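Take this sequence and fold it.
(one chain, ligands or ions: 2)
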Amino acid sequence: MSDTPIPVLVSWGLGADSTAILTQFLDDPAGHGLTPDLSECTVIVALTGEEWPDTMDLAERHILPLLARRRVRLVQVARGGPSDTDGIVVLSDTRTPDRLHRRGPWALTDELGPTGTVPQFAAKRRLCSIKFKGWVMDQWAAAEYGAQAYRHVIGYEANEAGRAERDYTYASPTRRPWYPLIDWDWARPRILDHLLERFGVVWPKSYCTMCPYPVARASLNAHLARCRTFPELAAAVLRLESNAVALNPRSTLYRDGSLMGHIRADGNTAALDAYERDQAATDWAAYEVRRVFFAGRSDHCRTVHGTSCRRPGPWCRDPFRKGPAWRSVRTVHRGDRDAVLAHLEAEAAEMDAPTISVNGITRVPFHERGETYPGAEGYLVAAPAGVVDKARDGFDAMWDKVTSFGALDLIA
Ligand code: SF4
Ligand SMILES: [Zn+2]
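Ligands and ions are numbered 1, 2, ... in the order given. Presented below is the predicted three-dimensional model:
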């Protein structure tokens, strides 16, 4: 039997949790069952390209020198592009790290800007985190370890057993998860105290500038303080949010409010001014946004046909229940802001439609949604340019069908 220790891969998110684990490992390897030189340990960072600069600076200043002194391997990885077939890029792989890359070839903004969206969540899963962090690290680990078993260290806190249990469902004969903070019974206060004592700083949360989570997790004040420290970054997120809202009024960053609302309430004029400067200087577009809404499944359908209904009968759809929606976005005019707003006015006059301005976003509705489904809505809206045209195959035919007679049995 070989004496070679099983490899240990430490997922370092740059935040307090995984940083506390790292410092514990570095300070006392043997106490954690590791070899004294930590030769089996690799620290991996997956870069979304959107981390707050203060977190990056602290990690660079306090942790990289420790890793370099102990010659612990640090790997920095990122997505190679929008598609999984673009693979991952190893930005750095060294035992003497002295800097953290700010971004890779494909950052989260590169994805959100052209689609006019903000980070999406589905079934409580953070899709961006899976795509820009989890998947990237998994690819690296698969290439590095192959069929060899490794211990995967993740910084779930003592009170995050639920997250650990969910993660544990992805354990395999090769990937063996290890949650040291849960083993040590370290919750947030203990972790922050440890880092404060060790480095003399209150370690900030690590997350993307446009992440909706800090507010959801009741860290609004700290988040707004960061927006005051980095007004230009806050302005860039405001732009992402306002483009998303232009294309879908329900797409505010937070379920119960917008970043714009919070920034205004906070009196962050530096961020608002930077946002306004950007809006005035950038190219604008008039977008045609159309949506088709299908009728949702009826109670009868769910009872009789179970979880999926491929061949709906006459009672399978409920005309008062909203089902799936399809969206088409198309740039129909470009220019500076004034020119695009003038174009909207001219279109409104031509179509005899109103011009509606809400929260600084101007729309010209040309097809209003009714009370029942299937239904359709369409409007022109002015917003900064950059959202790419997108519609699924068959959208135009479906639009024509729904706007001409609205057949109830249409399904997505
Ligand atoms: S920090 Fe937030 S926005 Fe960034 S990848 Fe994670 S969930 Fe998504
Ligand atoms: Zn059915």
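
The closest residue to residue 325 other than its chain neighbours: what secondary structure?
Distances taken as Cβ to Cβ, 6 or more residues apart in numbering place residue 293 nearest to residue 325, at 4.9 Å, with adjacent residues excluded. Placement of C-beta: from N, CA and C, glycine included. Put simply, residue 293 is strand when judged by DSSP: H, G, I helix; E, B strand; the rest coil.

wait, residue 293 sits on residue 375?
Yes: here residue 293 lies in contact with residue 375, judged by Cβ atoms under 8 Å, at a distance of 4.9 Å.

got any residues that touch both of those two?
Both residue 293 and residue 375 are in contact with residue 369, where contact means Cβ atoms under 8 Å, 6 or more residues apart in numbering.

where does this structure dip in pLDDT?
Applying pLDDT under 70 to the chain flags the ranges 1-2, 122-124, 215-218, 405-412.

Check the spacing between residue 190 and residue 31 real quick.
17 Å (Cβ to Cβ, to the nearest Å).

okay, these two: which has more neighbours?
Neighbour count, other Cβ atoms under 10 Å: between residue 190 and residue 31, residue 190 has more, with 14 against 9.

list the contacts for the residue nearest to residue 325?
Counting by Cβ under 8 Å, 6+ apart, residue 293 has contacts 322, 323, 324, 325, 369, 373, 374, 375, 376, 377.

Could you single out the nearest of the residues you listed to residue 244?
residue 325 (15.2 Å; Cβ to Cβ).

For the host helix or strand of the closest one, what is the distance to the chain centroid?
Using DSSP states H and E, residue 325 sits within strand 317-335. Mean C-alpha position of strand 317-335 versus that of the full chain (Cα atoms, centre = their mean, to the nearest Å) differs by 22 Å.

just stretch 334-353 next, same as before
Remark: stretch 334-353 is offset 33 Å from the chain centroid, using Cα atoms, centre = their mean.

As CSV, could you dump the C-alpha coordinates of that stretch?
Listed next in CSV are the C-alpha coordinates belonging to stretch 334-353 (Å, rounded to 0.1, in the frame of the first residue of the first chain):
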residue,chain,number,x,y,z
ARG,A,334,-29.8,52.6,-32.4
GLY,A,335,-28.4,56.0,-31.6
ASP,A,336,-27.7,58.3,-28.6
ARG,A,337,-30.3,58.5,-25.8
ASP,A,338,-32.1,61.5,-27.3
ALA,A,339,-32.3,60.0,-30.7
VAL,A,340,-33.7,56.7,-29.4
LEU,A,341,-36.3,58.4,-27.2
ALA,A,342,-37.3,60.5,-30.3
HIS,A,343,-37.7,57.3,-32.3
LEU,A,344,-40.0,55.9,-29.6
GLU,A,345,-42.1,59.0,-29.7
ALA,A,346,-42.4,58.8,-33.4
GLU,A,347,-43.3,55.1,-33.3
ALA,A,348,-45.9,55.8,-30.6
ALA,A,349,-47.5,58.5,-32.7
GLU,A,350,-47.5,56.2,-35.7
MET,A,351,-49.1,53.4,-33.9
ASP,A,352,-51.4,55.6,-31.9
ALA,A,353,-49.9,54.0,-28.7
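
Can you name the residues of this structure that neighbour ligand 1?
48, 119, 126, 128, 129, 132, 133, 207, 208, 211, 213 (Cβ under 6 Å from any ligand atom).

Tell me which entries of those lie within strands.
In strands, defined here by DSSP state E, the members of the residues of the chain next to ligand 1 are residue 126.

Neighbour count added to the residues of the chain next to ligand 1, as JSON lines?
Formatted as JSON lines, the residues of the chain next to ligand 1 follow (neighbours: other Cβ atoms under 10 Å):
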{"residue": "48", "neighbour count": "26"}
{"residue": "119", "neighbour count": "22"}
{"residue": "126", "neighbour count": "17"}
{"residue": "128", "neighbour count": "22"}
{"residue": "129", "neighbour count": "20"}
{"residue": "132", "neighbour count": "25"}
{"residue": "133", "neighbour count": "21"}
{"residue": "207", "neighbour count": "23"}
{"residue": "208", "neighbour count": "22"}
{"residue": "211", "neighbour count": "25"}
{"residue": "213", "neighbour count": "16"}
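
got the residues of the chain next to ligand 1 as TSV, with distance to residue 180 columns?
Converted to TSV, those look like this (distance: Cβ to Cβ, whole Å):
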residue	distance to residue 180
48	24
119	28
126	22
128	26
129	20
132	24
133	19
207	21
208	25
211	24
213	23
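
Considering the residues of the chain next to ligand 1, which is situated nearest to residue 387?
residue 119 (16.2 Å).

What about residue 86, how many residues nearby?
Residue 86 has 12 nearby residues by other Cβ under 10 Å.

What are the phi and psi values at it?
phi -80, psi -10 (degrees, to the nearest 10).

distance of it from residue 181?
Counting by Cβ to Cβ - residue 86 and residue 181 are separated by 33 Å.

ok, back up a step: so after the strand holding residue 325, what's the next helix or strand?
Next in sequence after strand 317-335, counting helices and strands by DSSP H and E, comes helix 337-351.

That next one - contacts with which helices or strands?
Helices and strands touching helix 337-351, by 3 or more Cβ pairs under 8 Å, 6 or more residues apart in numbering; DSSP states H and E, are strand 284-297, strand 317-335, strand 361-367, strand 375-384.
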